[in-house]
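Enquirer: take a look and give me a structure for this.
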Amino acid sequence: MILRSLLALGLFAGLVASSEAATVTKLVVRCVDQQEVSPDDVFLAGTRDGQPVPWSKDNQEGASKDRSINLTTGGNLTLDSGSLGHLKFEKTLQIAIKEKDVTTDEVLGTLNITPDDGSKTVKFQGDGFVYEVEYTVQK
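Expert: Numbers count the residues shown, from 1 in each chain. Predicted coordinates:
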């Protein structure tokens, strides 16, 4: 009886430990070289554990399509605590850096973030643009 209780307790503790949420505590998008002559109209779109990140027009500039931000070479978008608060996840987090255009939005790069990433810097470059994204994940 005691052995069964200890085994059940150990299984429960393992399940609780494996479902510990990870949180992005820092996310900075840097425009190293803008894509267009005019400022790039940049915004983020995210999916966490299969669900859209609920950024809205109430969040800071750049955290949604409704609140895109103009970035030029040397400019950056640093997520504030309110926008970072939406970046808690269990298994997967995907953040797309997009440029808003009249006809269709262009994906400049996509981050696939895992709970064990720690701190990373990722570079995205394409036809006439270079962006760097620096982020930190904590469990």
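Enquirer: now do the strands in this structure.
Expert: 22-33, 40-48, 51-52, 69-71, 76-78, 88-89, 93-99, 106-113, 119-126, 129-138 (DSSP state E).
Enquirer: pull up the pairing partners for the fourth one, direction included.
Expert: Same thing as strand 69-71. Paired neighbours of strand 69-71 in the sheet (DSSP bridges): strand 40-48 (antiparallel).
Enquirer: show me what the closest residue to Lys139 other than its chain neighbours bridges to in the sheet.
Expert: Take Lys139 and drop its neighbours on the chain: the residue closest to it by Cβ to Cβ, 6 or more residues apart in numbering is Ala22, 5.0 Å away. For the C-beta atoms, the positions are set from N, CA and C on the backbone; glycine is no exception. Counting by DSSP bridges, Ala22 is bridged to Phe89.
Enquirer: and the most centrally placed residue in the chain, how close does it get to Val102?
Expert: Among the residues of the chain, the one closest to the centroid is Ile95, at 4.0 Å (Cα atoms, centre = their mean). Distance of Ile95 to Val102, computed by Cβ to Cβ, to the nearest Å: 24 Å.
Enquirer: do Thr121 as well
Expert: In this view, Thr121 and Val102 are 31 Å apart by Cβ to Cβ.
Enquirer: show me which of those two is the more surrounded one.
Expert: When neighbours are counted by other Cβ atoms under 10 Å, Thr121 and Val102 differ, and Thr121 comes out ahead with 10 against 6.
Enquirer: and that one, what does it touch?
Expert: Glu132, Val133, Glu134 (Cβ atoms under 8 Å, 6 or more residues apart in numbering).
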